[in-house]
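Asker: What would the 3D arrangement of this be:
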Amino acid sequence: MYGAILGDIAGSRFEFSRPQGFNWKTVELFGGMSTYTDDTVLTIATKYAVLNQISYAKAYGRFGRKYAHVGYGNMFINWFMGHSEKGYNSYGNGSAMRVSFIGCHFETLEEVEEQARLSSICTHNHPEGQKAAMATAAAVYLARTGSSKRQIARYLKQKYGYTVHRPLITYRPFGKFDVTAEGSMPLAIRCFLESDDWESCIRNVFSVNCDTDTIACIAGGMADAFYGGTGLDEEALLRRFLIKPNEQGVFDTFLYDWAVYPNRILEKGEPGPPRI
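Answerer: Okay, here's the model as predicted:
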């Protein structure tokens, strides 16, 4: 899950523009403009829902209202501001960017795919939205349980129909900002498949003009699971980017506390980080 969050943060400053002389092979992963976005907030919300055994819809609504200005799409804003818990037929990539924890937590592939489907349908109940969430969580699960890249690629192609063999070199001349699940998933999968470690996966994302933060979040979660971590000082980076002053000027540790909380179901009344 850390790889998904840090992928979001790394990709955030290149989502809409790139500096003159940008070189995806050498640019710093994190800079002064790096920040978490809705991808991070909802990734942590998924973990919150699972560990507190509440519905994904409730968690996403609560986190959305608490962190209301981090780059959500208009449909999702209307959804959480209206306290809705019903899907609005979205086929965007938002269902895929938030499910890495599901692939890390549940013990069988069947559970992972079902929980990913449930996490999707409260907002992204379009078939493409559901498929993207299930495929992402499945890839994370397969990666963390020892499957090879070839096995992961075969599974995602055979079960979900994603194009996984198109090389990145053919994406680069035609890259564009595309927030659809159908357009995002093949690219995210390929960025992972062509990587040698977590950092090279994120640099693969940087190499293509795309919805950089979300593609890096999806691909970064897969790479983290496959390589056994990011190779970075993860908790130091999470402290740096997740702990920020709130509107009252008080440092808000809520996202950080839940991001680093152990992967363990909380019993009713058990102490833990603050809840919402």
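
Asker: quick one: the residue nearest to residue 176 when sequence neighbours are not counted from residue 93, how far?
Answerer: Spatial nearest neighbour of residue 176, excluding adjacent residues (C-beta to C-beta, 6 or more residues apart in numbering): residue 209 at 6.1 Å. Using the backbone N, CA and C atoms, a C-beta is placed for each residue, glycine as well. To residue 93, residue 209 is 15 Å away according to C-beta to C-beta, to the nearest Å.

Asker: more neighbours, these two?
Answerer: Legend: neighbour count by other C-beta atoms under 10 Å for residue 209 and residue 93, higher for residue 93 (30 against 16).

Asker: Check which helices and strands the longest helix belonging to the chain is in contact with.
Answerer: If you go by DSSP state H, the chain has its longest helix at helix 127-144. Helices and strands touching helix 127-144, by 3 or more C-beta pairs under 8 Å, 6 or more residues apart in numbering; DSSP states H and E, are helix 94-97, helix 100-105, helix 109-121, helix 149-160, helix 181-193, helix 212-227.

Asker: That one vs helix 109-121, what angle?
Answerer: Put simply, helix 127-144 runs at 140 degrees to helix 109-121, going by axes from the mean of the first three to the mean of the last three C-alpha atoms, to 10 degrees.

Asker: and helix 127-144, C-alpha only, in CSV?
Answerer: Output in CSV follows, covering the C-alpha atoms of helix 127-144 (Å, rounded to 0.1, in the frame of the first residue of the first chain):
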residue,chain,number,x,y,z
PRO,A,127,-18.6,-2.9,-15.6
GLU,A,128,-15.3,-1.2,-16.5
GLY,A,129,-15.0,0.4,-13.1
GLN,A,130,-15.6,-2.9,-11.4
LYS,A,131,-13.2,-4.7,-13.7
ALA,A,132,-10.4,-2.2,-13.0
ALA,A,133,-10.7,-2.5,-9.3
MET,A,134,-10.8,-6.2,-9.3
ALA,A,135,-7.8,-6.5,-11.7
THR,A,136,-5.7,-4.1,-9.7
ALA,A,137,-6.4,-5.8,-6.4
ALA,A,138,-5.8,-9.2,-8.0
ALA,A,139,-2.4,-8.1,-9.4
VAL,A,140,-1.3,-6.9,-6.0
TYR,A,141,-2.4,-10.2,-4.4
LEU,A,142,-0.7,-12.3,-7.1
ALA,A,143,2.5,-10.2,-6.8
ARG,A,144,2.7,-10.5,-3.0
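
Asker: Tell me the buried residues in it?
Answerer: Under the neighbour-count criterion of 16 or more other C-beta atoms under 10 Å, helix 127-144 has 128-143 buried.

Asker: what's the closest of the residues you listed to residue 8?
Answerer: residue 136 (13.4 Å; C-beta to C-beta).

Asker: Pull the distance from stretch 164-183 to the chain's centre.
Answerer: 18 Å (C-alpha atoms, centre = their mean, to the nearest Å).

Asker: could I get it in PDB with only the CA atoms?
Answerer: Extracted C-alpha coordinates of stretch 164-183, given in PDB (Å, rounded to 0.1, in the frame of the first residue of the first chain):
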ATOM      1  CA  VAL A 164      -0.600  -6.300 -21.400                       C
ATOM      2  CA  HIS A 165       2.000  -7.000 -24.100                       C
ATOM      3  CA  ARG A 166       2.100  -3.600 -25.800                       C
ATOM      4  CA  PRO A 167       5.500  -2.100 -24.900                       C
ATOM      5  CA  LEU A 168       5.800   1.300 -23.300                       C
ATOM      6  CA  ILE A 169       7.900   2.600 -26.300                       C
ATOM      7  CA  THR A 170       4.700   2.500 -28.300                       C
ATOM      8  CA  TYR A 171       2.700   4.500 -25.700                       C
ATOM      9  CA  ARG A 172       5.200   7.400 -25.400                       C
ATOM     10  CA  PRO A 173       4.500   9.200 -28.700                       C
ATOM     11  CA  PHE A 174       0.800   9.100 -28.200                       C
ATOM     12  CA  GLY A 175       0.400   9.600 -24.400                       C
ATOM     13  CA  LYS A 176      -2.600  11.700 -23.300                       C
ATOM     14  CA  PHE A 177      -4.500  12.500 -20.100                       C
ATOM     15  CA  ASP A 178      -7.100   9.700 -19.800                       C
ATOM     16  CA  VAL A 179      -9.000   9.100 -16.600                       C
ATOM     17  CA  THR A 180     -11.100   6.100 -17.900                       C
ATOM     18  CA  ALA A 181     -10.500   2.700 -16.400                       C
ATOM     19  CA  GLU A 182     -10.300   1.200 -19.800                       C
ATOM     20  CA  GLY A 183      -7.600   3.700 -20.900                       C
END
